[in-house]
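S.K.: need coordinates for the below:
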Amino acid sequence: MEPVPEDWTRALAIVAHPDDLEYGCSAAIAKWTAQGKTVVELLATRGEAGIDGMDPEEAARIRTVEQVEAARIVGVETVEFLDLPDGVLEYGLPLRRRLAEAIRRHRPEAVISISFRETFPGGGFNYADHRVLGLAVVDAIRDAANRWVFRDLDLEPWQGVRFALFGGSTEAGHYVDVTGHLDAGIASLRAHKLYFEGLGQDFDPAAFLTGMMESAAGSLGEDAGVRHALPLEMITP
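M.R.: Residues are numbered from 1 along each chain as shown. Coordinates of the predicted model:
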């Protein structure tokens, strides 16, 4: 695996739900904000369909608060929500248009998301919202760069996205050395306390994230010479 380039200053992290970024990517975000980079988070939904025993409006309120706190822990000041319906995201021009608008407005050099591949590493089918959102992100990067696409946005095209990074991908070919930033990543996941309690499961997010990072470091460490690493798939426009 090759290291992710870090000679950039602005990134836009786009995911479907609160807590999507906190399963690993937030440790990398903590590293990058500590370097002085600016990262903005954009969430397609507020995760209102994520807690079976809770009314969606209350779930949305709680998960919004927890996401803003999780972002703050890793140095992100701006969190935006598209308020699209959780669980039923649809790939198509409306979604691409919303994402292209955000890319043109924030003008990032890097885009961060989670995997849109069909399966998770080690098995298990990926969520529909993740698959839909990730594919739309890739296409929206190109849409945002083409001045003749979505002309009604009245925003200048942005051709400055150098690459998109996807966490949790079966096609990971790059890594980020997150040594020294794992604790921040764990703390950001712990910020989703009421969400995890609402799931009614005996789940320790800290243990999960630590194990995941240790596993990644074990597979990458010999070649990369680092203690904790995050594997990422990189796609260039």
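S.K.: quick one: the helices in this structure?
M.R.: 25-34, 56-73, 93-106, 128-145, 182-190, 193-199, 205-224 (DSSP state H).
S.K.: the fourth one - contacts with which helices or strands?
M.R.: To tie it back to what came earlier, the one meant is helix 128-145. strand 10-15, helix 93-106, strand 110-114, strand 163-167 (3 or more CB pairs under 8 Å, 6 or more residues apart in numbering; DSSP states H and E). Just so you know, the C-beta spots here come from the backbone N, C-alpha and C atoms, and that holds for glycine as well.
S.K.: go again with 6 Å.
M.R.: helix 93-106, strand 110-114 (3 or more CB pairs under 6 Å, 6 or more residues apart in numbering; DSSP states H and E).
S.K.: likewise for the first one?
M.R.: For helix 25-34, the packing partners by 3+ CB pairs under 6 Å, 6+ apart come out as helix 182-190.
S.K.: ok, now with 7 Å
M.R.: Helices and strands touching helix 25-34, by 3 or more CB pairs under 7 Å, 6 or more residues apart in numbering; DSSP states H and E, are strand 38-43, helix 182-190.
S.K.: now the ones you listed in a markdown table, with distance to P108, mean neighbour count and mean pLDDT?
M.R.: A markdown table is the format used below for those (distance: least, CB to CB, whole Å; neighbours: other CB atoms under 10 Å; pLDDT from 0 to 100):
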| stretch | distance to P108 | mean neighbour count | mean pLDDT |
| --- | --- | --- | --- |
| strand 38-43 | 8 | 23 | 98 |
| helix 182-190 | 20 | 22 | 89 |
